[in-house]
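Chemist: Need a 3D model of the following:
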Amino acid sequence: MNDSEYYEPLRKSRDVKRIRQYATPQMKNPTIAERASVTANKHIWKYGDRLYNLANQYYGDSRFWWVIAWWNGYGTEAQIKTGAILYIPLNISDAMKILEV
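Modeler: The predicted structure is shown next:
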């Protein structure tokens, strides 16, 4: 929490007494061995693909787009080039255990 003078204008504009700050979570990328231990489908990225659509297709929930991105070492879909091969873990629970989520 930060109740210093520096944040006073921000607190006033938001009509709050304190601002709580959270630490950025530290996440690890899966190793090659960890990726090999989880069954995954191969997907070739093409123009118009969206991570949220793939998450909806494989997991029934578009909010898990970040699992596919993270599993493949991408921060966002803007970093994925056409023709790139993505591996989509089929069991999201297994993937999240490896990703330590």
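
Chemist: Point out where the chain drops to low pLDDT.
Modeler: Low-confidence segments of the chain (pLDDT under 70): 1-2, 101.

Chemist: which stretches of it form helices?
Modeler: Applying DSSP state H to the chain gives helices spanning 8-14, 32-36, 51-59, 65-71, 92-98.

Chemist: So which of the ones you listed is the most surrounded?
Modeler: helix 65-71 (a mean of 20; mean count of other Cβ atoms under 10 Å). Bear in mind the C-beta positions are built from the backbone N, C-alpha and C, glycine included.

Chemist: center of this structure - which residue?
Modeler: For the chain, the residue nearest the mean C-alpha position is Trp66 (2.7 Å; Cα atoms, centre = their mean).

Chemist: hang on, the earlier thing: nearest to His43, out of the helices of the chain?
Modeler: Proximity to His43 (Cβ to Cβ) singles out helix 51-59 among the helices of the chain, at 6.6 Å.

Chemist: so Ala95 touches Asn72, yeah?
Modeler: No. Using Cβ atoms under 8 Å as the test, Ala95 is too far from Asn72 to be in contact (11.0 Å).

Chemist: Let's have the helices of the chain in a markdown table, adding distance to Trp45.
Modeler: Below are these laid out as a markdown table (distance: least, Cβ to Cβ, whole Å):
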| stretch | distance to Trp45 |
| --- | --- |
| helix 8-14 | 40 |
| helix 32-36 | 17 |
| helix 51-59 | 9 |
| helix 65-71 | 11 |
| helix 92-98 | 18 |
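
Chemist: so which of these gets nearest Glu77?
Modeler: helix 51-59 (4.8 Å).

Chemist: Need the residues that contact that closest one.
Modeler: 41, 43, 61-69, 77, 86, 88, 90, 92 (Cβ atoms under 8 Å, 6 or more residues apart in numbering).

Chemist: quick one, what contacts the residue lying closest to Ala84 once chain neighbours are set aside?
Modeler: Sequence neighbours aside, Trp45 is the residue nearest to Ala84 in space, at 4.5 Å (criterion: Cβ to Cβ, 6 or more residues apart in numbering). Counting by Cβ under 8 Å, 6+ apart, Trp45 touches Ile80, Lys81, Thr82, Gly83, Ala84, Ile85, Leu86.
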